Every structure is written in C-alpha cells, then in structure tokens.
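**Q** Coordinates for the following, if possible.
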Amino acid sequence: MDRALGLLGLARRGSRVELGEEGVAGACRSGKARLLLLASDAGDSVRHRAAYFVRSGKPPLLEVPYTKAELGGAVGRPVCPIAAMTDAAMALALVEALPSSEDAEAVRQTLETAVRRIEKRRQEEKAHRENVRRGKK
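**A** Next up is the predicted model:
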C-alpha cells in the first residue's frame, strides 16, 4: 500500500479524519477541517459540494491521485470520494507523502504554517499553565 494511503488509514483509526459528505460538511462548518481530500474520479456533484465546503470552512482542497475505491480501501469503506483531515500535522505528513505537484506544494506550505502556529500556541499554553502553577503572572 502507498504511504499516503497508509497515513490516511492511520488517521482514520485515530479519529483524525471525517469521511463522506455529511462528516466533511460538519468538520468544515465547525472549523475543524485542516485539509479536504477529493478522489480523482469523484463526480461533479461531489466536486461542487467540496468547493462549497472549502468556501464555508476555509480548508485547502487537494485532489489526490487515488480513486474512490482506493481511498475507501484505505479507510475501511467500499468507496470514499471525499474526506477531511482534522489534524494539521497528520495532513502535512499525508501531503508530503503524495507525489509532488503545484497544488500539493501550495497546500504543503499552508499546512506547514498552520502546524507552526498550532505548535507555538501549545507551547504558550504550556508556559501559561506552568506560570499559574508557580504563582507567576
């Protein structure tokens, strides 16, 4: 199995991915979606909905070089035309495992920025908890 598909399966087992149109729509509306994946043979209606989801939640959209059946096999379903990664670091690893293209490179840069921001926020929260514990302001 391809490394990117393996990472997608790992994300599924770790509850870091939403599958199907309803799950993806919910993740985009709530702002949890970090990356939208679209199968290469997805239908026109799915593509239109994916474009709408991207406008509503602002995650980057990436058409992956896998069919619906290949994506479905990676996540334990018969088919999966659309998926939303909710973990930025896992999404970045998946994009880095894909064959390089202009779209993938732009998404990779966006995700790297997001991962750096998230890591900085976590460090600040940790420092704040430590300061509170020690009684500093």
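
**Q** Setting aside sequence-adjacent positions, which residue approaches residue 95 most closely?
**A** Leaving aside its sequence neighbours, residue 95 sits nearest to residue 108 (Cβ to Cβ, 6 or more residues apart in numbering; 4.8 Å). C-beta coordinates here come from the backbone N, C-alpha and C atoms, glycine included.

**Q** Just list the residues touching the one you found, thanks.
**A** 92, 95, 96 (Cβ atoms under 8 Å, 6 or more residues apart in numbering).

**Q** of those residues, closest to residue 128?
**A** residue 92 (25.6 Å; Cβ to Cβ).

**Q** Can you list the buried residues in the lengthiest helix in the chain?
**A** The helix that spans the most residues within the chain, counting by DSSP state H, is helix 102-134. Using 16 or more other Cβ atoms under 10 Å as the test for burial, helix 102-134 gives 104, 107, 108, 110, 111, 114, 115.

**Q** need the next SSE after the lowest-mean-pLDDT helix or strand in the chain, C-terminal direction.
**A** Scoring the helices and strands of the chain by mean pLDDT, DSSP states H and E places helix 44-57 at the bottom, with a mean of 90. Sequence-wise, the next helix or strand downstream of helix 44-57 (DSSP states H and E) is strand 61-63.
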